[in-house]
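Chemist: Here is my input, please return the structure:
(one chain, ligands or ions: 1)
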Amino acid sequence: MNPNPPTEFGPADLQLDALLVGGGVAGLWLLNRLTSAGYRALLLERDALGAGQTLASQGMIHGGLKYALSGRLTPAATAIADMPARWAQCLAGAGEIDLRAVTVRARDYHLFAAAGTLGRLTTFFASRGLRGRLRRLRAPEFPDGLPTPHFRGTVYALADPVLDVPSLSAALAHPVAHLIYRSDADTLFDASSLSPDGARLRLGDQRIHARHLILTAGAGTAGLLATLGLGAPRMQRRPLHQVIVRAPGLPPLHAHCLTGIRRAEPRLTITSHPDHEGWLWYLGGQIATDGVRQTRAALIDTARRELTACFPWRSWQDARIDTLAIDRAEPMQLDGARPDEAFATATGPAGSCIVGWPVKLTLAPDLADRVLSLLPPPTRSSASAPPVALPLPRPAFGTVPWQSAAVLNTVARPTAAEPETR
Ligand SMILES: Cc1cc2nc3c(=O)[nH]c(=O)nc-3n(C[C@H](O)[C@H](O)[C@H](O)COP(=O)(O)OP(=O)(O)OC[C@H]3O[C@@H](n4cnc5c(N)ncnc54)[C@H](O)[C@@H]3O)c2cc1C
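Modeler: Down below sits the predicted model:
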């Protein structure tokens with residue numbers, strides 16, 4: 001039975017231009033943009049802000065070089081190339097959203113490879129297409145994680161920053177906190193909630209009519225589309241099995257390891273995050289892509305071997321290593337491949353439901369542009385509308401995965417009988 005019969009709704013109900021579902025980077029960025037543009041919007045988050053992929057991400061604002069390791073500038077590399085400059089403006093307080101409160105973990109990202117192992121990428125990195133984006137460092141400029149004389153090889157710096165994602169979520173939520181509520185949207189809708197003039201729902205005594213329902217719910221979007229009876233767009237999941245490394249005295253390092261690279265993906269993609277004991281390393285890249293086929297115990301073994309191969313001057317035997325299995329949620333691609341760009345589309349009766357996946361944290365600004373281009377201008381009354389107060393709790397901020405109970409259970413050494421995590 002429809003919990004929100006449309007005939008009960010009238011002009012006295014709360015009228016919104018947009019109701020957003022999902023408080024990850026996509027929803028929070030978009031809510032800021034909509035509000036600044038004069039739209040009357042609210043956001044519902046079922047769990048905690050950033051609780052999905054956002055707080056599990058590595059916080060890298062990519063300029064696309066990672067997608068050019070085949071030795072050519074791919075469509076993905078080109079699509080994302082403008083993003084670091086756009087974020088830099090926001091971080092400086094001169095962009096579309098004021099992100100001056102965000103902690104920047106690193107201004108530059110590094111690429112390194114042991115001597116003689118970079119192959120033809122050496123020529124590509126020196127090519128005209130990459131001029132100005134990549135700077136080869138002299139030994140005295142090497143980061144602390146690649147100390148001379150232990151490390152002998154090549155290091156490049158890339159002007160792609162790494163952000164502290166909890167502080168990013170907080171900076172995005174702060175200006176719009178009064179517009180965010182905690183609720184599982186799956187329980188509010190059914191297949192008759194959408195009509196050509198928007199979405200209707202009831203929260204306690206409050207009846208709401210939103211001209212557009214916007215789904216930025218990450219992996220939760222597939223379920224919401226099913227609840228709403230919408231067959232398109234379809235979602236794909238691309239799994240990762242990330243690695244978390246704690247070891248005494250780990251220096252902060254933000255770098256792709258390209259030592260002996262054989263495919264167009266970094267061997268290790270390292271970011272560093274503060275923990276109660278100091279810095280921990282969070283590893284993505286090939287190890288996390290290939291790791292989806294490994295048990296937790298097998299991946300911990302692999303991580304110890306890979307760290308030894310990439311950082312042979314220090315012992316990794318006493319490192320405490322854990323893993324995190326998590327899916328990326330994206331629009332379905334023909335061959336399950338990585339989409340090149342942010343994705344937004346209008347679906348449902350008269351396009352009253354908009355669905356968006358940023359595909360990368362970096363592309364959240366691009367996703368917001370795409371959603372805004374699908375919306376009509378805000379209704380005239382929105383600017384003068386009184387503040388909204390709904391009978392709902394507010395969501396808390398989520399925690400980073402390495403602080404959650406599941407991954408505090410670290411092991412000092414590989415064990416024979418580890419349970420499989422995925
Ligand atoms: C391990 C990993 C590392 C990554 N590293 C990077 C990186 O370094 N740089 C980069 O650019 N990108 C990175 N990404 C990609 C990036 O994290 C994602 O593209 C981005 O965070 C997606 O944001 P989102 O807001 O769409 O989804 P999410 O962050 O998943 O947010 C969706 C939100 O919707 C909520 N929700 C779901 N269902 C409902 C419902 N029914 N009702 C209400 N709320 C609901 C969820 O609770 C969640 O808070 C990484 C991804 C992963 C998995």
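Chemist: How many residues are close by A364?
Modeler: 29 (other Cβ atoms under 10 Å). Where C-beta positions appear, they are placed from N, C-alpha and C, glycine not excepted.
Chemist: Please apply the same query to L91.
Modeler: L91 has 23 nearby residues by other Cβ under 10 Å.
Chemist: With the one 10 residues further on instead?
Modeler: A101 sits with 13 neighbouring residues when counted by other Cβ under 10 Å.
Chemist: Now the nearest residue to it once chain neighbours are set aside: which helix or strand?
Modeler: Sequence neighbours aside, A171 is the residue nearest to A101 in space, at 4.4 Å (criterion: Cβ to Cβ, 6 or more residues apart in numbering). Following DSSP states H and E, one finds A171 within helix 165-173.
Chemist: list the contacts for the residue of the stretch 101-250 of the chain found nearest the ligand?
Modeler: Proximity of the stretch 101-250 of the chain to the ligand (Cβ to the nearest ligand atom) peaks at G220, 2.1 Å away. By Cβ atoms under 8 Å, 6 or more residues apart in numbering, the contact set of G220 is 21-22, 46, 52, 186.
Chemist: That one - that's part of a helix, no?
Modeler: Yes: counting by DSSP: H, G, I helix; E, B strand; the rest coil, G220 is part of a helix.
Chemist: which is the next helix or strand following the helix holding A171?
Modeler: Remark: after helix 165-173, the chain's next helix or strand is strand 180-182, criterion DSSP H and E.
Chemist: Can you list the strands that that next one pairs with?
Modeler: Its sheet considered, strand 180-182 pairs with strand 41-45 (parallel) by DSSP bridges.
Chemist: chain center to the strand it pairs with: distance?
Modeler: 19 Å (Cα atoms, centre = their mean, to the nearest Å).
Chemist: That one versus helix 165-173: what angle between them?
Modeler: Computed with axes from the mean of the first three to the mean of the last three Cα atoms, to 10 degrees, the direction of strand 41-45 lies at 150 degrees from that of helix 165-173.
Chemist: ok so, going back, what's the separation between the residue nearest to A101 and A41?
Modeler: A171 sits 18 Å away from A41, going by Cβ to Cβ, to the nearest Å.
Chemist: Tell me which residues touch G291, please.
Modeler: Taking Cβ under 8 Å, 6+ apart, one finds 240-243, 299, 302, 323 in contact with G291.
Chemist: Most neighbours of all those residues, which one?
Modeler: L299 (29 neighbours).
Chemist: Please identify the helix or strand for it.
Modeler: helix 296-310.
Chemist: In this structure, where is pLDDT below threshold?
Modeler: Where the chain drops to pLDDT under 70, the residues are 1-12, 67, 73, 75-76, 405-422.
Chemist: Residue numbers of the stretch 251-400 of the chain in contact with the ligand?
Modeler: When proximity is defined by Cβ under 6 Å from any ligand atom, the stretch 251-400 of the chain lies next to the ligand at 284, 326, 328, 357-362.
Chemist: Tabulate those residues (JSON lines), appending secondary structure and distance to R135.
Modeler: Formatted as JSON lines, these follow (DSSP: H, G, I helix; E, B strand; the rest coil; distance: Cβ to Cβ, whole Å):
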{"residue": "G284", "secondary structure": "strand", "distance to R135": "23"}
{"residue": "I326", "secondary structure": "strand", "distance to R135": "32"}
{"residue": "R328", "secondary structure": "strand", "distance to R135": "30"}
{"residue": "W357", "secondary structure": "strand", "distance to R135": "33"}
{"residue": "P358", "secondary structure": "coil", "distance to R135": "28"}
{"residue": "V359", "secondary structure": "coil", "distance to R135": "28"}
{"residue": "K360", "secondary structure": "coil", "distance to R135": "23"}
{"residue": "L361", "secondary structure": "helix", "distance to R135": "24"}
{"residue": "T362", "secondary structure": "helix", "distance to R135": "20"}
